[in-house]
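Asks: Sequence and predicted structure are below.
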Amino acid sequence: GESVGLHLPTLSVQEGDNSIINCAYSNSASDYFIWYKQESGKGPQFIIDIRSNMDKRQGQRVTVLLNKTVKHLSLQIAATQPGDSAVYFCAENEGAQKLVFGQGTRLTINP
Amino acid sequence: DAGVTQSPTHLIKTRGQHVTLRCSPISGHKSVSWYQQVLGQGPQFIFQYYEKEERGRGNFPDRFSARQFPNYSSELNVNALLLGDSALYLCASSLAVGSNSPLHFGNGTRLTVT
């Protein structure tokens, strides 16, 4: 099975609220994690990454948190907008850029 | 700047046929990777190439092969197509091999095998 998975397959949030997407990974040796956003008909778009020597990293409206103790990763999106509607994947680097993806979480925005 | 470009965007083939998919990386990127994404699932790693050499291979049968050219573009070949090969095939490029180079994906080739 997949070594990276997501707790929820779907997430609905109100426009303007914050979104939190969770991810669990199983390979404790992984040292690099990435979040991707995939819109319908497009390839995955890089959002943010984090290395295992960090526990938090912030980008524009997004924050990734890494908890190595429980092997958990989360993506926080502030002030969610309609354009944030997509499927979000976390991915774990197993070395030489072999990424292992989870099944994804579909984020829908309610007006 | 152009991102990763893939061709064709859509393709329909019959079981047993052969297919070639093409990818041009972002300018300056020397590493190309291929992923297969079945509907409703995350992408699965097929190959990685760097400087024209295979650097990694996923759990795919020998019907799948790839190569990288001197200009860093790449082809993915699949022989003896099966219905189960129907998927979105994604190409990704990066500056180099290693954790310091995030992958940037193209929009994929949608392959349908009938």
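Replies: Cool, got the structure.
Asks: can you tell me if stretch A:39-57 touches chain B.
Replies: Yes: interface with chain B: stretch A:39-57 contributes A:G41, A:K42, A:G43, A:P44, A:Q45, A:F46, A:D49, A:R51 (Cβ under 8 Å from any Cβ of the partner chain). Every C-beta, even on glycine, is put in place using the N, C-alpha and C of the backbone.
Asks: I figured the fifth one hits A:V62, correct?
Replies: In other words, A:Q45. No: counting by Cβ atoms under 8 Å, A:Q45 stays clear of A:V62, with 11.9 Å between them.
Asks: Who's the closest spatial neighbour of the residue most central in space within chain B, skipping the chain neighbours?
Replies: Chain B has B:W34 as the residue nearest its centroid, 3.0 Å off, counting by Cα atoms, centre = their mean. In space, and not counting its chain neighbours, B:W34 is closest to B:I46: 4.3 Å by Cβ to Cβ, 6 or more residues apart in numbering or on different chains.
Asks: Same question for B:T114.
Replies: B:T114's closest residue in space is B:T14 (Cβ to Cβ, 6+ apart), at 5.8 Å.
Asks: likewise B:A92?
Replies: In space, B:A92 is closest to B:L103, 4.0 Å off (Cβ to Cβ, 6+ apart).
Asks: Can you name the residues of chain B sitting close to chain A?
Replies: B:4, B:31, B:33, B:35, B:40-45, B:48, B:55-56, B:58, B:90, B:92, B:94, B:97-99, B:101-108.
Asks: Could you tell me which strands sit next to the helix or strand of chain B with the lowest mean pLDDT in the sheet, and their orientation?
Replies: The helix or strand of chain B with the lowest confidence, counting by mean pLDDT, DSSP states H and E, is strand B:53-57 at a mean of 91. Its sheet considered, strand B:53-57 pairs with strand B:44-50 (antiparallel) by DSSP bridges.
Asks: And the contacts of the strand it pairs with?
Replies: Contacts with strand B:44-50, where a contact means Cβ atoms under 8 Å, 6 or more residues apart in numbering or on different chains, come from A:96-101, B:30-38, B:54-58, B:60, B:64, B:66-68, B:74, B:76, B:96-97.
Asks: Stretch A:102-111 too?
Replies: A:2, A:4-6, A:8-15, A:19, A:21-23, A:38, A:77, A:80-82, A:84-91, B:40-42.
Asks: which other helices and strands contact the helix or strand A:F46 falls within?
Replies: A:F46 belongs to strand A:45-51 when assigned by DSSP states H and E. The criterion is 3 or more Cβ pairs under 8 Å, 6 or more residues apart in numbering or on different chains; DSSP states H and E, and the helices and strands that strand A:45-51 contacts are strand A:32-38, strand A:56-58, strand A:62-67, strand A:72-77, strand B:104-105.
Asks: Now that strand: buried residues?
Replies: Buried residues in strand A:45-51, counted by 16 or more other Cβ atoms under 10 Å in any protein chain shown: A:I47, A:I48, A:D49, A:I50.
Asks: you'd agree the residue nearest to B:T114 is up against B:L81?
Replies: Yes: using Cβ under 8 Å, B:T14 is in contact with B:L81, at 7.4 Å.
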